[in-house]
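Chemist: Below is the sequence, then the predicted model.
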Amino acid sequence: MPYISQVAVGKLEKLSIFGNDYPTVDGTGVRDFIHVTDLAAGHVAALNYLQQQVNVQQSSVGFLPINLGTGTGTSVLELVNAFTDITGQRVPYQFVARRAGDIASCYASADKAKALLGWHAKLSVAEMCADTWRWQSQNPNGYYVS
Ligand SMILES: O=c1ccn([C@@H]2O[C@H](COP(=O)(O)OP(=O)(O)O[C@H]3O[C@H](CO)[C@H](O)[C@H](O)[C@H]3O)[C@@H](O)[C@H]2O)c(=O)[nH]1
């Protein structure tokens with residue numbers, strides 16, 4: 001997503017898509033793209049859950065892995081197309097070789113987060129694209145570089 005928006009704002013010439021021959025819907029990698037606001041809310045929910053457990057058990061020893069995700073896979077090409085549909089911005093891209101270490105498809109089950117934390121992702125890929133573009137177009141060089 002950051003590379004897509006940097007191409008759209010003109011900081012990068014084009015997006016390099018790593019591989020288009022994966023066994024996925026369109027050959028590009030599938031990931032569980034999540035809105036940063038949902039992800040932040042999931043972390044707050046996890047901290048609240050941890051505090052409850054400490055209150056109940058009078059102990060904070062141990063760990064519990066909980067996936068935070070939407071539960072839905074989106075391909076890189078689907079993300080590029082969604083971004084263009086929502087923002088109207090062209091995102092030139094080229095297919096290049098697969099990136100070492102990448103797998104074809106990876107998305108979370110969010111069932112445990114819902115059951116334990118009462119949390120689920122509320123925002124869509126479309127909202128992610130709109131919010132990313134709003135930020136990128138208003139801050140083409142980020143927050144810290146003038
Ligand atoms: O310029 C780019 C950047 C990414 N991608 C593709 O976009 C997808 C997402 O790539 P990211 O690097 O954003 O995320 P990954 O899920 O592949 O990997 C990241 O998240 C992982 C955990 O989910 C690990 O933390 C890993 O080290 C980190 O790079 C992948 O299919 C990747 O090949 C491109 O095609 N072009």
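Modeler: Thanks, I have it. Numbers count the residues shown, from 1 in each chain.
Chemist: my read: Tyr93 touches Phe18, true?
Modeler: No: using C-beta atoms under 8 Å, Tyr93 is not in contact with Phe18, being 10.8 Å away. Bear in mind the C-beta positions are built from the backbone N, C-alpha and C, glycine included.
Chemist: Spit out the contact partners of the nearest residue to Ala104 once chain neighbours are set aside.
Modeler: Leaving out its chain neighbours, the residue that sits closest to Ala104 by C-beta to C-beta, 6 or more residues apart in numbering is Tyr22, at 3.9 Å. Neighbouring residues of Tyr22 by C-beta atoms under 8 Å, 6 or more residues apart in numbering: Thr28, Gly29, Val30, Arg98, Ala104, Ser105.
Chemist: which ones are touching whatever residue of the chain ends up closest to the ligand?
Modeler: The minimum distance from the chain to the ligand, using C-beta to the nearest ligand atom, falls at Gly29 (2.4 Å). Contacts here follow C-beta under 8 Å, 6+ apart; on that basis Gly29 touches Phe18, Gly19, Tyr22, Ser75, Val76, Asp102, Ile103, Ala104, Ser105.
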